[in-house]
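[1] sequence and computational prediction follow.
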Amino acid sequence: MHDDIPLTTGRARRVLDERILPAVHATATPLDTAWHELPGEPIPPTSGLALEFTPYEVGTPWGAAWGTTWFRLRGTVPEEWAGRRVEAVVDLGFDKNMPGFQCEGLVYRPDGTPVKSINPRNQWVLVAEEAVGGETVELFVEAASNPVLLDYHPFLPTQEGDVQTSSSTRLYTSRRMDLAVFESEVHELALDIDVLLELQAELPEGPRRMRILQALDDALDRLDLQHIAATAPDARAALADVLAAPADASAHTISAVGHAHIDSAWLWPVRETIRKVARTTSTMTELIDQTDDFLYGMSSAQQYAWIKEHRPEVYARVKAAVEAGRFLPIGGMWVEPDTVMPTGESIVRQFSQGQRFFEREFGIRPKGVWLPDSFGYSPALPQLMRRAGFEWFFTQKISWNQVNKFPHHTFLWEGIDGSRVFSHFPSMDTYNSRLSGSEVAKASRQFRENRLASGSIAPVGWGDGGGGTTREMTGTAKRLADLEGSAKVRWEHPDAFFDRAKAELPDPPVWVGELYLELHRATLTSQHQTKQGNRRSEQLLLEAELWAATAAARTDFAYPHDELDALWQQVLLQQFHDILPGTSIAWVHREAVAKYAETARALTAIIDQALSALAGTGDAAVVVNPAPFLQAGAPAQGAVLATDLPQPTAVTLTEQDGGYVLANDLVRVVVDGRGLVTSAVDLATGREAIAPGRVANLLQLHQDFPNMWDAWDVDRYYRNRVEDIVSTTGLHGSVDADGVARVVVERAFGDSTVRQEIVLAPDSRTLEFDQTTDWHETEKFLKVAFPLDVRAEHTVAETQFGAQKRVTHTNTSWEAAKFETSMHRYVLVSEPGFGVALVNDSIHGFDTTRDAVDGHVTTTVRLSLLRAPRFPDPETDQGVQTHRYGIVIGTDQLGATAAGVLMNASARTVTGARGFDPLVRVSGGVVLSSVKLADDRSGDLVVRVYEPSGRRGSGGVAVDGDVAGGFGPGIEVTLLEEPLPSAESVDASSFAVDAYEVRTFRFPRG
């Protein structure tokens, strides 16, 4: 036979697109339409339904950027439609390729009942399953005119990303607002043809493919293109046999779960996400009602809380669907956060706030962590997941790697402490599947565990901007349940998939260490004020808990549970994986910075009130230390009268060759006339920290224009062009009354200026740099370099409750891809007997290189300070930015931990009558992380510690015995503050601890 494959497929595709799909709603009558454009922000649905409406003609432009327009649709069902399924079809001016990224709406009945959303891939609304002729119809559409920012030519700078700068031009033109008969047989025929077309495209040219093609030709021969609805059943009959052929017994099984992955903010503000969640969940509960087996999964307790507060009528439907087992709370976290930059305590609170909400609202605790889209995953996570009671982990983002293909899809992930969690990546490499033929074939073809395991997960639905699963997708899944040549598809709870996968893979492969994403590396730096606000908020939250718990234990101070919960939830929201990484529109980051300022004010008020209760009434200066290390003469997490502090020996400051020499009892530093550090000596060992012939504190400016994803990416070639910023506009030094030496350096470059204070305090190994930059560069990357005379085999960078090692060489493509890496408060480089650390108050990115001169190998570490991408926020980081960082001269991992903590947890001075001792003391090789009262409001004290140095040891935790009422003996609990099984319970007073182990203890109130 002749090869007619292109002829058949071309014929089928054109008939499907141009004849069959339009015939699904061909019998139609226009609705009478009216509208009301709101002048500002959205209003509650009850208010929207009560608006005054004026006539609207379809085809009239509507909706300025970020606006809301209410449409009223009225009509009458024609008598001849009686008994037919009738739907409203609304096209607001949709582009079907932009679901979630442009206009969308939520449909209400006159009584305020939500029906479902309309969006580019979901333009219909059910009016009646069996219509009554002459019945009147009235619907209301709350339509959001969100601008398209990620267009067909993506990453172009735009001012539309903030309501304060967006245009007032109406963006959309409606095309259709009709009542229509839904031709179910035509709809089913469209699905039959689409599924078979996509399936045959993935098959070899064998019998199965050829019979599908012949069946398609036969069906199209039976279809009268002028009478589609009448002849659709006969056309379907021609396809029945090829659709009934069963799948192979060994076919891959796809466990599908409905999904929308609604970004809590990104190319839209939080206020719009609230409405996106309401739209999507309305549609998903409607789809659940219309199907027998469809399951929809949604993570993020915050999103449930939003609809509970703002759309209770939608939330009622969600709760009913959850109770029916069809709407699945998954993930167990407050939001889907970035997992690289937040502290360990923040990750713990993501778990505790999320699980508490799900249990309180639904009586459910999700068993797994669901993070499909975060930009890399910290190696501290396995331990934290296990200690919070989670059984599995799911993501797919690592499939986005630029260079290296991840070797597993189902595996054990081992963290820094040795904890392991069962993990799965979907082999179709997407969290927005539509169950296309190519996706389904890819899932089967590239599944790395095919030898032993039977299947993979597929999150199914339009995502990022919401939308979720469509009836076309559920119809596709029905056809793929058991179809020859295809993987089998079934709707299944992820828990059931993981239970089966564990049984099939009793000895799975193991991946050790971070799940580094070889992409989006610049998210460690973009939007500095957002990152700075997060770091400061995290510290203030822990201080507020510490002093509130201490005051509640020792005085009649009332622990502010409600306020602290609300503030934690606000900070946890800002840790969402498009907010904290700095990849959202200007509106989002403007609001985030404002929320951080509000949070700081509220937490400072709590701290002040608690310290007032502790320090008493008086005029004496009281120095309060929130850090778990001695600071400024004040005890760890205690307070002392300033008059009782020892007087330190002042730092000496000597002029030399146009620069300065700063020295205390521990270190000696030389700053040259350009404000660059040419020498930093540890006096105890005589070791020089700065590499020979090099200078530290060297600001370097790079051109930074990645191939795509401007705010997200820095591409390797950025290093090829660099400007060293060495000229100064001012340099002077002084020693203040506290014996602290300061050298002030001022510079100008491009359109920007920078002012540094180089600071050395008495009894400190840390040379600090307090930097203020007035930043006005475009598409530039600012770093500060420290060439160190250390032959380091690894860097040791702090992560949650510990640190991760990374080699400094680039022997393989895996190491070479890590040209920008993450840190928390410190990064340490060392060789036997000597180490140097860099510490910071708000920096997360750094790079490392090995350098050699005449065989002498040194290590250069550069901190990433500022970027200036133009998409999605064209003004990213413009204006005044502040950083505080330092070099710790001669230290080890514990010393680096302490220096990093102290840089972020400064002592404060209050007025009062007395100092006070710490409420909790630790001993051995552990560091105190948090002190708080229990979430269940029992009054119990909860204390968390961790081992910071990567070595086994022992520890102990004791509560001040003089506390009124007292606390009982401490017993180890989970991260959710619940008892461990009795066999695992440990006494807090003395316990063994493994490397980087996190331990939580609960002391019952007496």
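    Everything's here; your move. Numbers count the residues shown, from 1 in each chain.
[2] quick check: N811 is in a helix.
    No. Under DSSP: H, G, I helix; E, B strand; the rest coil, N811 sits outside any helix and is assigned coil.
[3] what is the burial count for it?
    8 (other Cβ atoms under 10 Å). (Each C-beta comes from the backbone N, C-alpha and C, glycine too.)
[4] OK, contacts around K367?
    K367 sits next to 332, 390-392, 495, 498 when contact means Cβ atoms under 8 Å, 6 or more residues apart in numbering.
[5] which single one of those is nearest to V440?
    F498 (20.6 Å; Cβ to Cβ).
[6] picking up where we left off before, could you flag which of the contacts of K367 are buried?
    332, 390-392, 498 (16 or more other Cβ atoms under 10 Å).
[7] possible to save the residues you listed as TSV with distance to P147?
    As requested, the buried ones among the contacts of K367 are exported to TSV (distance: Cβ to Cβ, whole Å):
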residue	distance to P147
G332	34
F390	38
E391	42
W392	38
F498	40
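[8] what about those residues, which are in strands?
    Counting by DSSP state E, these place W392 in strands.
[9] next, format the buried ones among the contacts of K367 as a markdown table and append pLDDT and distance to T860.
    Compiled in a markdown table, these are given as follows (pLDDT from 0 to 100; distance: Cβ to Cβ, whole Å):
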| residue | pLDDT | distance to T860 |
| --- | --- | --- |
| G332 | 97 | 41 |
| F390 | 98 | 39 |
| E391 | 98 | 43 |
| W392 | 98 | 40 |
| F498 | 98 | 44 |
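[10] let me know the closest of the contacts of K367 to L106.
    G332 (27.6 Å).
[11] the closest one touches S352, doesn't it?
    No. Look at G332 against S352 with Cβ atoms under 8 Å: they stay out of range, at 9.6 Å.
[12] so what sits against both of those two?
    Common neighbours of G332 and S352 (Cβ under 8 Å, 6+ apart) are A388.
[13] what residues are bridge-paired with V107?
    V141 (DSSP bridges).
[14] check P329 too.
    The partner residues for P329, given DSSP bridges, come to M298.
[15] ok, now which ones touch it?
    Counting by Cβ under 8 Å, 6+ apart, P329 has contacts 297-299, 301, 304, 322, 358, 362, 364, 366.
[16] and L239, by the same measure?
    192-193, 196, 215-216, 218-219.
[17] taking the residues you listed one by one, which sit in strands?
    Using DSSP E, no member of the contacts of L239 falls in strands.
[18] Throw these into CSV and include neighbour count and distance to E997, thanks.
    Output for the contacts of L239, formatted as CSV (neighbours: other Cβ atoms under 10 Å; distance: Cβ to Cβ, whole Å):
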residue, neighbour count, distance to E997
D192, 25, 57
I193, 24, 58
L196, 23, 56
A215, 21, 62
L216, 25, 61
D218, 16, 67
A219, 25, 64
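[19] closest to R479 among those residues?
    D192 (7.2 Å).
[20] ok, for A602, nearest residue in space, not its chain neighbours?
    In this structure, A602 finds its nearest non-sequential neighbour in L567, 5.9 Å apart by Cβ to Cβ, 6 or more residues apart in numbering.
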